[in-house]
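S.K.: just the structure for this:
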Amino acid sequence: MMIDGIEVTALNAPQDRLLDRFFQPVMVLKEQIKVIALEEGEVRYLEKLINSGGNTERIESWKNGSFKPEDALRVAQIQGMAKRMIGMVRSVSKLPAYRRFRHVVKALSAYSIENNGPIRTGSVRSVNSI
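M.R.: Below you'll find the predicted structure:
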């Protein structure tokens, strides 16, 4: 992954438990892609597999200059990477959107105050400001 010419690694990655859950699989996948050294046509084949979502009709109809490698092992490696990437996207898409997250936090805060009374934390922000 490149951001403004800086490669993101485990040493300079953001330190957050939620991000670690998604960051670690991406780093493993990045290393696997580096090791097998995909050619340009194979990268396009990987793109085609990911964007089609496994739909064989879409794979066959989209002409993006890709080629399916002759080696069955190489094809299996590329298909495995595509499946993992699709799985990562699906797991991230299950996370609530920001508005929904705010709504859940408000509901949990209101429930907590209702059952336990207000908790003084020294914060000046109220539940209504969330």
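S.K.: this structure: helices as residue ranges?
M.R.: 17-36, 40-52, 56-61, 72-93, 98-116 (DSSP state H).
S.K.: format these as CSV; extra columns: mean pLDDT.
M.R.: What follows is the helices of the chain, written out as CSV (pLDDT from 0 to 100):
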stretch, mean pLDDT
helix 17-36, 79
helix 40-52, 84
helix 56-61, 73
helix 72-93, 85
helix 98-116, 78
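S.K.: adding mean neighbour count and distance to Val8, write the ones you listed out as CSV.
M.R.: The C-beta positions use only the backbone N, C-alpha and C, and glycine is treated the same way. Shown next, in CSV, are these (neighbours: other Cβ atoms under 10 Å; distance: least, Cβ to Cβ, whole Å):
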stretch, mean neighbour count, distance to Val8
helix 17-36, 12, 8
helix 40-52, 17, 19
helix 56-61, 11, 30
helix 72-93, 14, 15
helix 98-116, 11, 23
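S.K.: in contact with the closest residue to Ile59 other than its chain neighbours, which residues?
M.R.: Nearest residue to Ile59 in three dimensions, chain neighbours excluded: Ser52, at 4.6 Å (Cβ to Cβ, 6 or more residues apart in numbering). Counting by Cβ atoms under 8 Å, 6 or more residues apart in numbering, Ser52 touches Arg58, Ile59, Trp62.
S.K.: between those residues, which is closest to Val28?
M.R.: Among the contacts of Ser52, Ile59 lies closest to Val28 (Cβ to Cβ), at 25.0 Å.
S.K.: wait, isn't that closest one in contact with Lys48?
M.R.: Yes - counting by Cβ atoms under 8 Å, Ile59 does reach Lys48; the two are 5.8 Å apart.
S.K.: which residues touch stretch 87-98?
M.R.: Phe22, Pro25, Val26, Val104.
S.K.: how about a cut-off of 10 Å?
M.R.: Stretch 87-98 is contacted by residues Leu18, Arg21, Phe22, Pro25, Val26, Leu29, Ile50, Gly53, Phe101, Arg102, His103, Val104 when judged by Cβ atoms under 10 Å, 6 or more residues apart in numbering.
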